[in-house]
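*Asks:* Please work out how this folds:
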Amino acid sequence: MSALWIAHVTVTDAEAYGKYAALAGPAIAKHGGSFIARGGRFVQLEGKERPRNVVARFPSVEAAEACYHSPEYQEALAHARGASERELVIVELTE
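*Replies:* Predicted coordinates for the structure are as follows:
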C-alpha cells in the first residue's frame, strides 16, 4: 500500500532550511517518494498552524520510513534541526 509523508513546518532560519530542502528532495526521490503538495495554499481548521505543509507519496510505509532513517535524509535533517519547528507523520493509504 502507498503511504503519505506529511510534514507541517514553521521555518525559523531560511538559509539553513534551504540547505535541508536541497538535500531532502533527492533523498526522498531516491526512496521512491514524489511530492504532491509543497508549501501551497492551505486552510488551517484545527491544531497549531504551520505555514509550510509538505506531502510526499511513497510506495509503502516501509519505503517512507527507510527514507527518513537513510544517511542521505539524516544529512539533510541536520540542517532542518534548529532551523525549523516541525511535525512529520507517515500515513498508509487505504486505496
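*Asks:* what are the phi and psi angles of V43?
*Replies:* Note on V43: its backbone torsions stand at phi -130, psi 120 [degrees, to the nearest 10].
*Asks:* Look up which helix or strand the residue nearest to S70 when sequence neighbours are not counted falls in, please.
*Replies:* Closest residue to S70 apart from its sequence neighbours, by C-beta to C-beta, 6 or more residues apart in numbering: A27 at 6.2 Å. Just so you know, the C-beta spots here come from the backbone N, C-alpha and C atoms, and that holds for glycine as well. Assessed by DSSP states H and E, A27 sits inside helix 14-30.
*Asks:* counting contacts, what elements does that helix pack onto?
*Replies:* Helices and strands touching helix 14-30, by 3 or more C-beta pairs under 8 Å, 6 or more residues apart in numbering; DSSP states H and E, are strand 34-38, helix 61-69, helix 71-80.
*Asks:* Distance from the chain centre to the last one, please.
*Replies:* Helix 71-80 has its C-alpha centroid displaced from the chain centroid by 11 Å (C-alpha atoms, centre = their mean, to the nearest Å).
*Asks:* In that helix, which residues are buried?
*Replies:* Neighbour-count burial for helix 71-80 flags 73, 76-77, 79-80 (criterion: 16 or more other C-beta atoms under 10 Å).
*Asks:* Farthest-apart pair in those residues, please.
*Replies:* Y73 and H79 (11.1 Å; C-beta to C-beta).
*Asks:* which residues are in contact with both of those two?
*Replies:* Listed as contacting both Y73 and H79 by C-beta atoms under 8 Å, 6 or more residues apart in numbering are L23.
*Asks:* Which one of the helices and strands packed on helix 14-30 lies nearest to V11?
*Replies:* For the helices and strands packed on helix 14-30, the distance to V11 is smallest for helix 71-80, at 8.8 Å, taking C-beta to C-beta.
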